[in-house]
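[1] model the following, please.
(one chain, ligands or ions: 1)
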Amino acid sequence: MPSFKCADIGMDCKFETKALTKNGLMKKIQDHASNVHKITSVPDDLKAKIESAIK
Ligand SMILES: [Zn+2]
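    You can find the predicted model right below:
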């Protein structure tokens with residue numbers, strides 16, 4: 001199951017999440033980014049960073 005930790009992309013944040021699919025996971029990450037980090041649209045370089053941090 002793909003999982004992601006905010007700390008893995010250098011955020012000072014304890015958020016971690018997992019989902020059945022990578023697409024589902026990206027959606028959860030985007031919700032978190034927008035609610036908590038006020039990043040409403042994730043730039044491509046950050047998206048690449050997130051994808052490489054997904055395990
Ligand atoms: Zn976070």
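[2] so His37 sits against Met11, correct?
    Yes. At 7.1 Å, His37 counts as touching Met11 under the criterion of C-beta atoms under 8 Å. For every residue, glycine as well, the C-beta is placed using N, CA and C.
[3] helix, strand, or coil at the most centrally placed residue in the chain?
    Centroid check for the chain by C-alpha atoms, centre = their mean gives Ile29 as the closest residue, at 3.6 Å. Following DSSP: H, G, I helix; E, B strand; the rest coil, Ile29 is assigned to helix.
[4] how about Ile39?
    coil.
[5] got the confidence number for the closest residue to it other than its chain neighbours?
    Spatially, and ignoring its direct neighbours in sequence, Ile39 is nearest to Ala33 (4.2 Å; C-beta to C-beta, 6 or more residues apart in numbering). According to the prediction, Ala33 has pLDDT 97.
[6] ok, the residue nearest to the centre of the chain to Asp44 distance?
    14 Å (C-beta to C-beta, to the nearest Å).
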